[in-house]
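**Student:** Quick one, what's the 3D model for this:
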Amino acid sequence: MDDLPLADVYQWLEPGPVVLLTTRHKGRANVMTMSWHMMVEFTPPRVACVVSAGDFSFQALRATRTCVIAIPSLRLAPQVVAIGNCSGRDVDKFATIDVTGVPAQSVAAPLIAECFVNLECKVVDTRLVNRYNLFVLEVVKGWRDPKQKNPKTIHHHGYGTFVVDGKTIHLASKMP
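**Tutor:** The predicted structure follows:
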């Protein structure tokens, strides 16, 4: 075995697909790219996510306590990277990047029309925000696009490197 630099650990433990997180605060919608998230409860569905205090979306999420997690397919990879490479402080991402915000049902943050899943979320726990920038969200409404069959997601491995979902396998399980 060779040494693994500690700064590179996250590249091997990425928790799931790259997603887009949308917010709306003071009448302005924003979207950010997010890789640091994980399921923490099945029912009701709860998701923990890290949104850096330096991100423009942080203040909106903290103030409004609502957001949308939108799951893009591989075909949106160029937009996902473009969204992640600029700040909503400086750019209206919905006006300049090829994604379409559409009204959600339960939250002010927009859904993203091109994503195959959109999850409307409310913040339910902020106890770890000050220490780790970690918000716990509860999904209050879910949407999926039935026209997108078997979409492939992308997974961030750091420094512009992504892995695409591969072949699906099914193994016997005793879990429900």
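
**Student:** Run through the bridge partners of the residue nearest the centre of the chain.
**Tutor:** Closest to where the C-alpha atoms of the chain average out (Cα atoms, centre = their mean) is V19, at 3.1 Å. Here V19 shows beta-bridge partners M34, assigned using DSSP bridges.

**Student:** do the same with A48
**Tutor:** M38, V136.

**Student:** What is the neighbour count of it?
**Tutor:** The tally of other residues near A48 (other Cβ atoms under 10 Å) stands at 18. The C-beta positions use only the backbone N, C-alpha and C, and glycine is treated the same way.

**Student:** how far away is the residue nearest to the centre of the chain from I97?
**Tutor:** V19 sits 15 Å away from I97, going by Cβ to Cβ, to the nearest Å.

**Student:** just R144 next, same as before
**Tutor:** From R144 to I97 the distance is 22 Å (Cβ to Cβ).

**Student:** Who has more neighbours out of these two?
**Tutor:** A direct count of neighbours by other Cβ under 10 Å for R144 and I97 places I97 higher, at 17 against 13.

**Student:** In what element of secondary structure is the closest residue to the more buried one other than its chain neighbours found?
**Tutor:** Nearest residue to I97, sequence neighbours excluded (Cβ to Cβ, 6 or more residues apart in numbering): A82, at 4.9 Å. Assigned by DSSP states H and E, A82 belongs to helix 77-84.

**Student:** ok so, going back, check the burial of the residue nearest to I97 by counting its neighbours.
**Tutor:** 17.

**Student:** repeat for K174
**Tutor:** Neighbours around K174, by other Cβ under 10 Å: 4.

**Student:** So for P15, what pLDDT did the model give?
**Tutor:** Per-residue pLDDT puts P15 at 68.

**Student:** How about the contacts made by V102?
**Tutor:** P110, L111, I112, A113 (Cβ atoms under 8 Å, 6 or more residues apart in numbering).

**Student:** Dump those to a markdown table, plus secondary structure and neighbour count.
**Tutor:** What follows is those, written out as a markdown table (DSSP: H, G, I helix; E, B strand; the rest coil; neighbours: other Cβ atoms under 10 Å):
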| residue | secondary structure | neighbour count |
| --- | --- | --- |
| P110 | coil | 22 |
| L111 | strand | 22 |
| I112 | strand | 26 |
| A113 | coil | 12 |
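
**Student:** Of the residues you listed, just say which sits nearest to N130.
**Tutor:** Nearest to N130 among the contacts of V102, counting by Cβ to Cβ, is P110 at 27.7 Å.

**Student:** ok, now how distant is the nearest residue to that closest one once chain neighbours are set aside from H170?
**Tutor:** Using Cβ to Cβ, 6+ apart and skipping residues adjacent in sequence, the residue nearest P110 is G101, 3.3 Å away. Separation of G101 from H170 (Cβ to Cβ): 36 Å.
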